[in-house]
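> Attaching a predicted model along with its sequence, questions to come.
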Amino acid sequence: MPYLVECLASVERQTLDPARMEVIAVDDGSADGTGECLEEFAARAAMPVTVIRQENSGGPSGPRNVGLAKATGRYVFFLDADDRLGDEALERMVAMADKNGTDVVLGKVEGINRKPPASMWGRTLDRTDVFSSNIKFTLSAQKLFRRALLERHGMRFDESLWTGEDALFTMEAYLRADGVSVVADYPCYYLVGREDGKHVTKSGSYTLRFDSARALMNLIADMVPAGPRRDTLMVRPFLVTLLPQFGPKFLKDDERIRRHKMELAGPLMAAHWNPEVARRLRVHERLRLHLVAVGRPELLPEVIEFVRAKKQADALLEKRGTRVYLAYPHFRSKPAGVPDWVYLAEPREARAVEGYREEAAGRFLRRALRKARRSLPTRGVKAAAA
């Protein structure tokens, strides 16, 4: 409350025939009048509404699992109580799934006092998958899922995770789905920023983020054989979950927390970090994670400060324009000993540099990657070759 009032109003405004909808509302031990609001909604709504009231579970996984167990429809959609639906959201998403036989449908997300993911809404896609689109960068639970898919594989939210449980669930659904659709031409979901800032994803200990990263990396490794497809997916937990722990907040951490973060990151880097994952990141992202991988936290603050200040790294062209190095801190510093390949811009970054020759650069990049594998710590090389 009070966000729930507008959330429920958005459900009532749905253009989908109420006879085709069921609402299962789980009051997870609230103490702000939520339960009474839900009961009033159930009494007046045109569609059948089931209200379940239980003691507080501490996270979203338990209530979602309770609701999922009660669902009977062909599709399920998880709507957070402080967010809202676009009026035509369910009608459009159900029509998309019916038309294409896809198991998951993403509806365009817009933010209200929050910044939503954006890279996957370039165009509507009747059928795609997690490897050939940017959908891996939206792993929230607010998608339309074919319930038969979830039941066939016994999929439920991991109640041992306090954050990132939706990423695990949604990634598994993407990987198991017979196709994914994207509705990009209509705002289906409004992600609402609470004025009190009390979003689950913004609270809790940093250790929870490492738990989330570990779970998602292990899921990807278990479900996708080693190779380019796995490397493509590993970018997401490294970039979205792990890297922020070594961003500006790292500068405020005391030495004990810094050491603990390095300890938590060590096994993840050893198991899943390799040159093929590294090259899919921008240079400054790759540089920070490389320093974590090789255990050089003392070099991180200068890099973090440089990036936070939004400074532009000098570009150095070599080999007749086929190589572009971005000279972020510690570039070619003998005491630091960071190998050149870490600073080597991939074409997507190098194209912005005048004089870059992309065609001839491909051969050099392949050689640089072979050299990078040899320069990584032994554990990382073994993991990359697995």
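Received the coordinates, thanks.
> When you work out contacts or count neighbours from here on, use the C-alpha atoms and nothing else.
Fine.
> ok, now how distant is Gly179 from Pro225?
19 Å (CA to CA, to the nearest Å).
> Just want to know which of the two has more residues nearby.
Neighbours around Gly179 and Pro225, counted as other CA atoms under 10 Å, are more numerous at Gly179. The numbers are 20 against 12.
> What are the neighbouring residues in contact with that one?
If you count contacts by CA atoms under 8 Å, 6 or more residues apart in numbering, Gly179 has them with Gly101, Thr102, Asp103, Val104, Arg127, Thr128, Asp129.
> Identify the spatial nearest neighbour of the second one, chain neighbours not counted.
Right, Thr102. Leaving out its chain neighbours, the residue that sits closest to Thr102 by CA to CA, 6 or more residues apart in numbering is Gly179, at 4.7 Å.
> Looking at the contacts of Gly179, which one is closest to Ser10?
Val104 (21.5 Å; CA to CA).
> from memory the closest one sits against Gln142, does it?
No - with contact defined as CA atoms under 8 Å, Val104 does not reach Gln142; the gap is 10.5 Å.
> and these two? which has more neighbours close in?
A side-by-side neighbour count of Val104 and Gln142, using other CA under 10 Å, places Val104 first with 30 against 22.
> Start and end of stretch 322-342, how far apart?
For stretch 322-342, the first-to-last residue distance is 16 Å (CA to CA).
> and it, how far from the chain's centre?
Its chain's C-alpha centre and that of stretch 322-342 lie 29 Å apart, by CA atoms, centre = their mean, to the nearest Å.
> next one: stretch 207-221
On CA atoms, centre = their mean, the centre of stretch 207-221 falls 11 Å from that of its chain.
> now the strands for the protein?
For the chain, the strands defined by DSSP state E cover 23-28, 49-54, 75-77, 84-85, 104-112, 125-128, 144-146, 180-192, 314-318, 323-327.
> now these in TSV, with distance to Leu289 and mean pLDDT?
Output for the strands of the chain, formatted as TSV (distance: least, CA to CA, whole Å; pLDDT from 0 to 100):
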stretch	distance to Leu289	mean pLDDT
strand 23-28	38	93
strand 49-54	42	93
strand 75-77	35	98
strand 84-85	36	96
strand 104-112	29	95
strand 125-128	30	97
strand 144-146	34	98
strand 180-192	30	96
strand 314-318	20	95
strand 323-327	16	96
